[in-house]
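>>> Here you go, sequence then predicted model.
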Amino acid sequence: SLGYGSQNGWVIIRLMEEEDTLTKYTTSLHWSMAVINGETLNESLNDDERVFICFMLPLCFLISAFFVSSITSSMTRLAVIASEHSNQFGVLRRFLDNNSISSVLTAKIIRNAKHSFLESKKYDPEASIEMLHHVSDSLV
């Protein structure tokens with residue numbers, strides 16, 4: 001196993017043979033997390049450890065790139081949706097302004113539109129739920 005592979009494994013070199021299992025595992029975890037961040041907290045001492053690092057560094061890079069890209073994609077999608085809604089309310093405001101609607105009435109209309117929009121997001125109409133078409137009529 002890693003650390004014990006030869007006389008120059010990290011467990012033997014760092015005189016950790018007598019340490020309890022928890023200490024060995026937490027030291028190993030700490031080392032692995034340091035490697036993920038590109039830090040050389042404890043350098044590899046034998047070929048097995050070097051091979052392990054050579055596989056883990058690209059793997060950890062790919063995993064972190066996947067997480068960053070999925071978060072970025074989700075945030076972009078949310079920004080596009082928010083922008084569309086904001087544009088729709090902007091068009092409504094321009095329409096009300098162009099037609100000389102009073103500011104009091106404009107505020108009421110905008111507030112009502114926002115409330116209606118939020119309510120429509122809460123409750124999907126039955127016709128828009130496709131899976132209900134597959135449910136037996138006796139159950140619906």
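On my side now, so go ahead.

>>> where along the protein do the strands fall?
Here the chain has no strands by DSSP state E.

>>> which residues in it form helices?
For the chain, the helices defined by DSSP state H cover 10-13, 21-36, 47-98, 103-122.

>>> quick one: low-confidence ranges for this protein?
1-11, 13-15, 38, 40-47, 140 (pLDDT under 70).

>>> At the geometric centre of it, which residue sits there?
Ile71 (4.3 Å; Cα atoms, centre = their mean).

>>> wait, what's in contact with the residue of the chain most remote from its centre?
In the chain, Ser100 marks the outermost C-alpha relative to the chain mean, sitting 45.7 Å out by Cα atoms, centre = their mean. Listed by Cβ atoms under 8 Å, 6 or more residues apart in numbering, Ser100 has no contact partners. (Each C-beta comes from the backbone N, C-alpha and C, glycine too.)

>>> For it, give me phi and psi.
Per-residue torsions, Ser100: phi 50, psi 40 (degrees, to the nearest 10).

>>> quick one on the thing from earlier: tell me which of the helices of the chain sits most buried.
Comparing the helices of the chain by mean neighbour count (mean count of other Cβ atoms under 10 Å), helix 10-13 ranks first with a mean of 17.

>>> Now the helices of the chain in TSV, please, with extra columns for distance to His133.
Shown next, in TSV, are those (distance: least, Cβ to Cβ, whole Å):
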stretch	distance to His133
helix 10-13	61
helix 21-36	48
helix 47-98	26
helix 103-122	21
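
>>> among the ones you listed, which is nearest Ser138?
helix 103-122 (28.1 Å; Cβ to Cβ).

>>> name the helices or strands packed onto the closest one?
helix 47-98 (3 or more Cβ pairs under 8 Å, 6 or more residues apart in numbering; DSSP states H and E).
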